[in-house]
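> please work out how this folds:
(chains A, B, C and D)
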Protein chains: 2
Amino acid sequence: MSTDQTESLANLLKALGEYNRLSMVYELCNCQAPRNAMCLCECCSVDASVASRHLKVLAQEGIVKIEKKGRERIYSLNRADIATKLRALADQIEAEPTLKTA
Amino acid sequence: MSTDQTESLANLLKALGEYNRLSMVYELCNCQAPRNAMCLCECCSVDASVASRHLKVLAQEGIVKIEKKGRERIYSLNRADIATKLRALADQIEAEPTLKTA
DNA sequence: GACATATTTGCACAAACACGCAAATATAGG
DNA sequence: CCTATATTTGCGTGTTTGTGCAAATATGTC
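Next comes the predicted model:
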């Protein structure tokens, strides 16, 4: 695992590893329709500016994607992408290393 | 997903989401034999005290387990536990919610 | 144009965090 | 008992981070 890959994965996990951001991810997760920021700031009782910043972090890490629609931004999860990355980490952690000096 | 569960998962992800800690996890991941803290502080070029604190965080989140052996502490990954939790999150994120108002 | 709504940005602030060093503690071995 | 090695803890420090408020920006509506 390269340094860059490790850092990039650490950033992804850090983005998910904050309570309000993870709550937003769950909120997006359980919604059929994508949500705007106003809706998402309600789900964790924070100021709209805070929600905006959290969503920016999630977007930078590729966790959510943004679609402009009028004066709103519509957020939705990059479901497959995140799932794939999390599973790759899970696989890597679970796999016992193979013996080199057999 | 309850508040407590969300917080606990956020803490797990936060523990993994720091570069040096994730590097230590990878190091443990790729080693047949468990490692002591001295070995782990070398892998990311930090002071022994820093490694000790990082490993404490990882242990508190159940990511590594500690075994005392003489004056050393031997660390090893809770491979299955972490993998299971990461996959559960992946599944949850990937699954589109089912329509309630059919 | 005036106004309402959604979002972003600047600012300040407190709390959390990562870090290194030095001292303290624990334990093995002479 | 003395010394060496491994680890933890106390302390200070600089940085990052989450937060709310107010102002700025963007865009829809009348």
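
> ok, so what distance separates the residue nearest the centre of chain A from B:Arg79?
Nearest residue to the geometric centre of chain A (CA atoms, centre = their mean): A:Ile63, 3.5 Å. Here the criterion is CB to CB, to the nearest Å. By it, A:Ile63 lies 25 Å from B:Arg79. For the C-beta atoms, the positions are set from N, CA and C on the backbone; glycine is no exception.

> ok, back up a step: surely the residue nearest to the centre of chain A and A:Lys14 touch.
No: the pair A:Ile63 / A:Lys14 is not scored as a contact, 11.2 Å apart, by CB atoms under 8 Å.

> picking up where we left off before, so the residue nearest to the centre of chain A versus B:Cys41, what's the distance?
Distance from A:Ile63 to B:Cys41, by CB to CB: 31 Å.

> before we move on, what about A:Arg71?
For A:Arg71, the distance to B:Cys41 - CB to CB - is 51 Å.

> these two - which one has more neighbours?
Between A:Arg71 and B:Cys41, counted using other CB atoms under 10 Å in any protein chain shown, the more crowded position is B:Cys41 (20 against 6).

> show me which residues of chain A are close to DNA strand C?
Taking CB under 7 Å from any atom of the strand as the measure of proximity, chain A contacts DNA strand C at A:36-38, A:48-49, A:52-53, A:55-56, A:66, A:71-73.

> which stretches in chain A count as helices?
Applying DSSP state H to chain A gives helices spanning A:3-16, A:19-29, A:37-43, A:48-60, A:79-94.

> give me whichever of these is most buried.
Of all these, helix A:19-29 has the most neighbours on average by mean count of other CB atoms under 10 Å in any protein chain shown, namely a mean of 21.

> tilt between it and helix B:79-94?
Between helix A:19-29 and helix B:79-94, the angle comes out at 50 degrees (axes from the mean of the first three to the mean of the last three CA atoms, to 10 degrees).

> helix A:19-29 relative to helix A:48-60, how many degrees between them?
Computed by the same axes, to 10 degrees, the angle between helix A:19-29 and helix A:48-60 is 70 degrees.

> which strands and helices sit next to helix A:19-29?
Helices and strands touching helix A:19-29, by 3 or more CB pairs under 8 Å, 6 or more residues apart in numbering or on different chains; DSSP states H and E, are helix A:3-16, helix A:37-43, helix A:48-60, strand A:72-77, helix B:3-16, helix B:79-94.
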